[in-house]
Every structure is written in structure tokens, then in C-alpha cells.
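Visitor: what's the 3D shape of this:
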Amino acid sequence: MQEVPVDRLKSPTVALVGLGSRRDRVCGEQVFRTSNAARARAADGQFSFCFTWKREAKIRPLPENNQRFETLSEEQEEKLVQASPPYLREMVLFAINTGLRTSDIFNLQWMEVDVEQQRLKKIVKKSDKPLSLPLNETAYGIIEARKAVQQGPYVFYSPMTGGKLKPVRGALESSVKRAKLPKITWHMFRHTFASRLTNNGVDIVTVKKLLGHANINTTMRYAHSNDDAKRRAVSRLEKSSDKTVTVMARRRTKAV
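Guide: All right, here's what the predicted structure looks like:
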């Protein structure tokens with residue numbers, strides 16, 4: 001039995017290819033997902049991924065469909081907020097109004113908050129690139145509320161320990177259940193932020209900068225969700241034009 005270290009699996013989604021034809025045995029599923037939490041549990045010895053084969057298995061990333069994403073309606077947002085405990089409520093609203101990933105929210109420190117300028121200046125964890133993000137009234141109101149109860153370097157901290165927050169997926173799932181809503185994930189808040197921007201006529205380049213994307217191709221998925229904004233854009237041509245165009249009817253010719 002050969003043990004495969006989890007840190008070899010760099011892609012969030014991986015598949016083992018070509019094992020069945022060589023009578024190889026796999027401990028676990030042929031397709032599985034890894035996450036930071038999974039790597040942490042593996043490091044603690046709680047579980048590991050083990051495989052046996054005659055030759056080394058090929059590991060390939062599974063294709064991702066970046067065009068598919070789900071968002072929250074304003075009604076769903078209100079129901080979720082009402083069903084959430086206070087600390088989770090602030091994080092949900094902050095995520096929807098900033099578009100930050102969960103990891104960036106959990107790791108947000110006060111030294112990255114410019115209270116006077118009402119903006120965040122931080123290094124995005126995923127891309128390791130700087131992000132300057134202005135805060136709207138909702139997000140800034142949350143910052144002011146957190147500032148009043150500041151405890152340590154982190155903006156959002158554990159209400160139980162006062163230290164850094166750990167993943168709160170269980171708390172989110174419980175709140176979703178109480179609100180009687182379909183499945184909601186943390187990344188849906190980021191999608192909601194971007195989609196609401198495009199639906200309100202914000203250009204895709206600005207959306208890219210606010211999300212901190214390195215490549216605009218990643219942001220283009222949201223360009224398909226703003227059909228109403230596109231209609232408003234083309235309708236402006238009619239309002240701004242003072243010219244009258246006469247369309248002449250064509251005469252029909254009879255076939256000989």
C-alpha cells in the first residue's frame with residue numbers, strides 16, 4: 001500500500017484516471033474533493049487518501065464550468081439575515097456588499113481597513129495581489145459596529161474564544177435551514193455581489209477590479225447576467241438621438 005500525500009493534490013477537484021484496466025485498487029472514491037479543511041484533517045491523521053497500483057496513477061484536473069453560478073435574490077437575502085445569529089448576519093451582509101471570498105473575510109485585519117477613506121487595502125489570499133476596495137454604506141456600517149467591539153487584530157473574530165474565526169459552514173447551513181431556503185454556499189455571496197453590479201449597469205472592467213480578478217475572462221461570466229442593463233443601454237440611443245429616421249416600405253414585385 002502506497003500512501004499519497006494530500007499536498008500532492010494541488011487542484012481543488014481531481015480525478016484518478018486509468019486505474020481499472022490495471023486491476024489497481026483504490027481506497028476511497030475515484031473522484032473526490034479536497035479543501036483546506038480536508039488537508040488539515042489529513043495532517044492531523046484523521047484520514048488519508050491511500051492507493052495501490054502497479055504504475056503511478058495519472059491525476060488530472062476536472063473541467064470547471066465557470067459560466068454556471070447561483071445568486072441570492074433580495075428576498076432570500078432578507079430571510080437568511082433574519083434567521084442568522086448576529087455574528088453570522090454581519091459576515092453575510094459584508095460578503096454580499098464587498099464580494100470578498102470567505103478566506104479574505106476570516107483573515108481581514110484592522111491594519112487593512114482605512115476607516116477615514118472608507119475602503120479596504122489588502123492582499124487577496126488567492127491571487128496574492130493588492131486590492132483597494134471602497135465600502136458602501138452597509139459594509140462601512142458593519143466596520144463601524146465591529147470597531148466598537150474591537151478585540152485583537154481581526155475584524156471578525158470568534159464570539160466564543162475572541163480569536164480568529166474558524167470555518168462557519170455549519171452555522172450557515174443551520175441558518176439556511178431555519179429560513180427554509182434552498183442550499184446556499186459562501187461563494188454565492190460573491191456571485192451575488194458581482195451580478196448585482198452588472199445588473200445595475202456597472203461596466204465589466206470595474207467589476208473585474210472590485211473582485212480582484214487577474215484575468216477579465218474570469219469576470220466575463222457575469223456579463224451574461226445583465227440583460228436588463230443591456231436593454232437600458234441600447235434604449236439610451238433613442239433618448240439621446242434627435243434625428244428622425246423614415247423607413248420606406250419596399251414594393252413587392254410579382255414573380256414572372
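Visitor: what bits of the stretch 51-200 of the chain have low per-residue confidence?
Guide: 51-68 (pLDDT under 70).
Visitor: Do I have it right that G212 meets K129?
Guide: Yes: if you go by CB atoms under 8 Å, G212 and K129 touch, sitting 6.6 Å apart. Where you see a C-beta, it was placed from the backbone N, CA and C, and this is true even at glycine.
Visitor: More neighbours: which of the two?
Guide: Using other CB atoms under 10 Å as the criterion, G212 and K129 rank with G212 on top: 21 against 10.
Visitor: Ramachandran angles for K121?
Guide: phi -130, psi 100 (degrees, to the nearest 10).
Visitor: Burial check on it, number of neighbours?
Guide: 13.
Visitor: do A171 as well
Guide: As a burial measure, A171 scores 14 neighbours (other CB under 10 Å).
Visitor: How about V155?
Guide: For V155, the neighbour count with other CB under 10 Å is 23.
Visitor: Where do the helices of this structure begin and end?
Guide: 36-43, 74-83, 86-98, 102-106, 137-148, 169-179, 187-199, 204-211, 216-219, 227-240 (DSSP state H).
Visitor: can you list the ones you listed in a markdown table and add distance to L120?
Guide: Formatted as a markdown table, those follow (distance: least, CB to CB, whole Å):
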| stretch | distance to L120 |
| --- | --- |
| helix 36-43 | 22 |
| helix 74-83 | 21 |
| helix 86-98 | 7 |
| helix 102-106 | 9 |
| helix 137-148 | 9 |
| helix 169-179 | 22 |
| helix 187-199 | 14 |
| helix 204-211 | 11 |
| helix 216-219 | 19 |
| helix 227-240 | 26 |
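Visitor: returning to that earlier point: need the overlap of contacts for G212 and K129.
Guide: Common contact partners of G212 and K129 (CB atoms under 8 Å, 6 or more residues apart in numbering): none.
Visitor: for the helices of the chain, which one sits closest to Q118?
Guide: In terms of CB to CB, the element of those nearest to Q118 is helix 137-148, at 5.1 Å.
Visitor: buried stuff in the closest one?
Guide: For helix 137-148, burial by neighbour count (16 or more other CB atoms under 10 Å) applies to 139-140, 142-143, 146.
Visitor: again, but for stretch 215-223
Guide: 219, 221-222.
Visitor: swap in stretch 91-110?
Guide: Those would be 91-102, 104-108, for stretch 91-110 by 16+ other CB under 10 Å.
Visitor: again with stretch 166-177
Guide: Within stretch 166-177, the residues that qualify as buried are 168, 172, 175-176, counting by 16+ other CB under 10 Å.
Visitor: Going by distance to V155, which of these wins?
Guide: Nearest member of the buried residues of stretch 166-177 to V155, counting by CB to CB, is V168, at 14.6 Å.
Visitor: nearest to R119, of the helices of the chain?
Guide: Of all the helices of the chain, helix 137-148 comes closest under CB to CB, at 9.0 Å.
Visitor: what are the C-alpha coordinates of that closest one, in CSV please?
Guide: Provided in CSV are the C-alpha atoms of helix 137-148 (Å, rounded to 0.1, in the frame of the first residue of the first chain):
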residue,chain,number,x,y,z
GLU,A,137,-22.9,52.3,3.5
THR,A,138,-23.9,48.8,4.5
ALA,A,139,-20.3,47.4,4.6
TYR,A,140,-18.9,50.5,6.3
GLY,A,141,-21.7,50.4,8.9
ILE,A,142,-20.6,46.8,9.8
ILE,A,143,-17.0,48.0,10.1
GLU,A,144,-18.1,50.8,12.5
ALA,A,145,-20.0,48.2,14.6
ARG,A,146,-17.0,45.9,14.7
LYS,A,147,-14.7,48.8,15.6
ALA,A,148,-16.9,49.4,18.7
